[in-house]
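A.B. asks: Need the 3D shape of this:
(one chain, ligands or ions: 1)
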Amino acid sequence: MNIILLAPPAAGKGTQAELLENKYHLNHISTGDLLRKTASRDDDFGKKMKGILESGVLVSDEIIFEILTKHLESCENKNLLFDGFPRNIHQAERLEEMLEKWHDKLDFVFLLEVDKEILKQRITGRRICRECGSAYNVNIDSLKPKVDSICDKCHGNLYQRDDDNEKSFEIRYQEYLDKTSALIDYYQNKQILYRIQSDQSKEEVFQELCGVIEKEMKK
Ligand code: ADP
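C.D. replies: Below you'll find the model as predicted:
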């Protein structure tokens, strides 16, 4: 099973990916996480990446495919759950070619829909665990950590991403509208796009996602 989570910034891709990964034993691939790992390197390339990520613009397709291909080579589980990829039509076409080579295909593209104003509120409250990557939100009661700045799961320290501020958000959102939102029609035409209203609780969104998967798998 291969799935794409398509959504504007902070719509909950990472949160839902973690839940889906566990339930369906998928290989969660977040290009954002792969890029942040590269950006933490203390060399010129790392510094360049850090600058791009902080600004909120998209990274070039060449860099994305270099990092992604290298990562995929090291993965045994080929049931892929993409979070933050593809982000434009060119990336989508190259992904399709890659899957065809493996005699595989995409099964579901979930579009997580949330209003811009809600996304803006979510962005400033998001905190991530440095150790295990779990996400929290200090502005939303049900997503707050039990102890301030400490991860409930592994007791690691929580931090705020450099691009989780209003200025970067505006640019990330505009990039989404300009480049990524074209994928909505693209996948709708292929009849694998499923719209999920994602301004609900994370449990409700997850239930909807699972409902679609179970229903389609029975067909
Ligand atoms: P979000 O979707 O919440 O903005 P991500 O972690 O998915 O967060 O992405 C963070 C940043 O990483 C993006 O703003 C962009 O600069 C870069 N990025 C991630 N995935 C891609 C991709 N597939 N193509 C180009 N840039 C990407």
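A.B. asks: which helices and strands sit right next to the one helix or strand Gln91 maps to?
C.D. replies: Assessed by DSSP states H and E, Gln91 sits inside helix 89-101. If you count contacts as 3 or more Cβ pairs under 8 Å, 6 or more residues apart in numbering; DSSP states H and E, helix 89-101 packs onto helix 61-73, helix 182-189. (Glycine included, C-beta is placed from N, CA and C.)
A.B. asks: mind listing what's buried in it?
C.D. replies: Across helix 89-101, burial judged by 16 or more other Cβ atoms under 10 Å covers Gln91, Ala92, Arg94, Leu95.
A.B. asks: any chance of the helices and strands packed on helix 89-101 in TSV, plus mean pLDDT?
C.D. replies: Listed next are these as TSV, based on pLDDT from 0 to 100:
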stretch	mean pLDDT
helix 61-73	96
helix 182-189	98
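A.B. asks: Out of these, flag the one nearest the ligand.
C.D. replies: Set against the ligand and scored by Cβ to the nearest ligand atom, the helices and strands packed on helix 89-101 come closest in helix 61-73, at 4.6 Å.
A.B. asks: which residue is nearest the middle of this structure?
C.D. replies: The chain has Asp83 as the residue nearest its centroid, 3.0 Å off, counting by Cα atoms, centre = their mean.
A.B. asks: surely it meets Gly32?
C.D. replies: Yes: Asp83 is within contact range of Gly32, at 7.4 Å (criterion: Cβ atoms under 8 Å).
A.B. asks: ok so, going back, now, among the buried residues of helix 89-101, which is nearest to the ligand?
C.D. replies: Distances from the ligand to the buried residues of helix 89-101, taken by Cβ to the nearest ligand atom, are shortest for Gln91, at 5.8 Å.
A.B. asks: Report the contact partners of that closest one.
C.D. replies: Contacts for Gln91 (Cβ atoms under 8 Å, 6 or more residues apart in numbering) come out as Asp61, Ile64, Phe65, Phe85.
A.B. asks: How many residues are close by the third one?
C.D. replies: So that's Phe65. 17 (other Cβ atoms under 10 Å).
A.B. asks: Now do the same for the nearest residue to it once chain neighbours are set aside: its pLDDT.
C.D. replies: Nearest residue to Phe65 in three dimensions, chain neighbours excluded: Arg94, at 6.5 Å (Cβ to Cβ, 6 or more residues apart in numbering). Per-residue confidence (pLDDT) for Arg94: 97.
A.B. asks: Same question for Ser134.
C.D. replies: At Ser134, pLDDT is 89.
A.B. asks: residue contacts, it?
C.D. replies: Applying Cβ under 8 Å, 6+ apart to Ser134 gives the contacts Glu18, Ile128, Cys151, Asp152, Lys153, Cys154.
A.B. asks: Which residues are in contact with Phe82?
C.D. replies: Asn2, Ile3, Ile4, Leu5, Ile29, Thr31, Leu95.
A.B. asks: Please consider this matter closed, and thank you.
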